[in-house]
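Peer 1: Just need the structure, nothing else, for what follows:
(one chain, ligands or ions: 2)
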Amino acid sequence: REMIIIDTDPGQDDAVALLLAFASSDQLDLRAITTVAGNVPVGQTTANALRIRELAGARTPVHRGAESPLLFPLETAEFVCGPDGLAGADLPPAQGEPAPGHAVEAIIALCRAAPDDSITLCPLGPLTNLALALRLAPDILPKVKRIVSMGGALGLGNMTPAAEFNIYVDPHAAAIVYASGRPIVMMGLGVTHQAIASHEQVAAIGALGTATGKAIHGMLTRPRPGGLGTTGHPMHDPCVIAFLLWPELFEGRDCFVAVETSDGSQRGRTTIDWNGRLKRPANAHVVAGVQAHELFERMTARLATLP
Ligand code: BDR
Ligand code: CA
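Peer 2: Residues are numbered from 1 along each chain as shown. Ligands and ions are numbered 1, 2, ... in the order given. I've put the predicted structure just below:
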């Protein structure tokens, strides 16, 4: 089983990603969930992680993480995910407390305790916690097998024309992670906008009849006033977990990716050297395509195994 840490800012699509990971414990050894400020402030993303854990009947430790990006003030996305981050979903109240220890300390401790090349980091929000961990404890780098990250864009952004939300919110953290030298899989909007849950697909999850299916249905049928004109919900973050489970459904290319940290119209842009024009060594595997229909079939079947 692949040892993973999910760093997240739930967020409806983060919630689905967490549930997919909980449903895949035969393949994924989820060591911890670490939370970060992003879609909503970190107190709320932490409460949401605890609520989703409760829904799945899991006991994975949840560690609360960074309250704000490294340098920029926090910008959140209530205009897409509602004031509570989960579109007012009808979820059980959070049971239990976050685990002791900051998210960054937890990432460092789990990596230090693991064999070389064994931990997969799955950031689903701004990369603040990961950047802090890598700066504070560079000795953990050899422990990291790979970083499979939702963020960035091959083309248009969703937060600004130039930038995808997770990279926009903390571009300095993203720049640190992309310079880490460890294998990175970039799951950007180019692929996640191919994985848009249609009305029928969301209905099929609701029709599972389980508490989880109903909760996902509830989260994904609320209107998204700030959504980018897509008629369904892009399953950005679940693509990260799906890539671990079913890599054969995805295609991409090893490329050099530069992250723009300046505070102007280009803030948070990921410039992807798709055609190798810059002759710089690749620092990421940029995923650009997914067999979306098959992805939804497999994801729905997996989610059906949860309570
Ligand atoms: C990313 O931003 C967040 O709002 C989503 O949860 C996803 O991680 C998409 O740009
Ligand atoms: Ca997210």
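Peer 1: unless I'm mixing things up, Phe250 is touching His285, no?
Peer 2: No. Assessed by CB atoms under 8 Å, Phe250 is found out of contact with His285, at 9.5 Å. All C-beta spots, glycine's among them, are computed from the backbone N, C-alpha and C.
Peer 1: quick one: the strands in this structure?
Peer 2: 2-8, 28-35, 62-63, 119-123, 144-150, 184-187, 196-197, 233-234, 250-255, 257-259, 270-272, 284-290 (DSSP state E).
Peer 1: Of those strands, which is nearest ligand 1?
Peer 2: Closest to ligand 1 of the strands of the chain is strand 144-150 (CB to the nearest ligand atom; 4.8 Å).
Peer 1: next one: the closest one to chain centre, how far?
Peer 2: On the basis of CA atoms, centre = their mean, to the nearest Å, strand 144-150 sits 11 Å off its chain's mean C-alpha point.
Peer 1: Kindly report the same for stretch 4-20.
Peer 2: Distance, centroid of stretch 4-20 to centroid of chain: 6 Å (CA atoms, centre = their mean).
Peer 1: Just the C-alpha atoms of it, please, in CSV.
Peer 2: Taking Å, rounded to 0.1, in the frame of the first residue of the first chain, the C-alpha atoms of stretch 4-20 are listed here in CSV:
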residue,chain,number,x,y,z
ILE,A,4,0.1,9.1,1.7
ILE,A,5,-0.5,12.3,3.5
ILE,A,6,-3.4,14.5,2.2
ASP,A,7,-2.9,18.2,2.7
THR,A,8,-6.2,19.9,2.1
ASP,A,9,-8.6,22.8,2.4
PRO,A,10,-12.1,21.3,2.2
GLY,A,11,-13.9,22.4,-0.1
GLN,A,12,-16.5,20.2,-1.8
ASP,A,13,-14.0,18.6,-4.3
ASP,A,14,-11.5,18.1,-1.5
ALA,A,15,-14.3,16.3,0.4
VAL,A,16,-14.9,13.9,-2.5
ALA,A,17,-11.1,13.3,-2.7
LEU,A,18,-10.9,12.5,1.0
LEU,A,19,-13.8,10.1,0.7
LEU,A,20,-12.3,8.4,-2.3
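Peer 1: That stretch near ligand 2 anywhere?
Peer 2: Yes. Stretch 4-20 is in contact with ligand 2 by CB under 5 Å from the ion, via 9, 11, 14.
Peer 1: one step back: mean neighbour count and mean pLDDT added to the strands of the chain, as CSV?
Peer 2: Listed next are these as CSV, based on neighbours: other CB atoms under 10 Å; pLDDT from 0 to 100:
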stretch, mean neighbour count, mean pLDDT
strand 2-8, 25, 98
strand 28-35, 24, 98
strand 62-63, 27, 98
strand 119-123, 27, 99
strand 144-150, 24, 98
strand 184-187, 26, 98
strand 196-197, 21, 93
strand 233-234, 22, 90
strand 250-255, 17, 98
strand 257-259, 21, 98
strand 270-272, 21, 98
strand 284-290, 20, 98
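Peer 1: Of the residues of stretch 4-20 next to ligand 2, which is the nearest to ligand 1?
Peer 2: Distance to ligand 1 across the residues of stretch 4-20 next to ligand 2 (CB to the nearest ligand atom) is lowest for Gly11, with 3.8 Å.
Peer 1: Show the contacting residues for whichever residue of the stretch 201-307 of the chain sits closest to ligand 2.
Peer 2: For the stretch 201-307 of the chain, the residue closest to ligand 2 is Asp237, as judged by CB to the ion, at 4.9 Å. Residues in contact with Asp237 (CB atoms under 8 Å, 6 or more residues apart in numbering) are 8, 11, 13-14, 16-17, 124, 150.
Peer 1: picking that back up, out of the residues of stretch 4-20 next to ligand 2, which touch ligand 1?
Peer 2: With the criterion set as CB under 6 Å from any ligand atom, the members of the residues of stretch 4-20 next to ligand 2 near ligand 1 are 11, 14.
Peer 1: among the residues of stretch 4-20 next to ligand 2, which one has the lowest pLDDT?
Peer 2: Minimum pLDDT for the residues of stretch 4-20 next to ligand 2 is recorded at Gly11 (94).
Peer 1: nearest residue to Glu105 other than its sequence neighbours?
Peer 2: Using CB to CB, 6 or more residues apart in numbering and skipping the chain neighbours, the partner closest in space to Glu105 is His63 (7.7 Å).
Peer 1: residues contacting Ile119?
Peer 2: Applying CB under 8 Å, 6+ apart, the residues near Ile119 are 3-5, 31, 110-111, 143-145.
Peer 1: if we can go back for a sec, pick the one among the residues of stretch 4-20 next to ligand 2 closest to Glu297.
Peer 2: Glu297 lies nearest to Asp14 out of the residues of stretch 4-20 next to ligand 2, by CB to CB, at 21.6 Å.
Peer 1: Since that was my last question, I'll sign off now.
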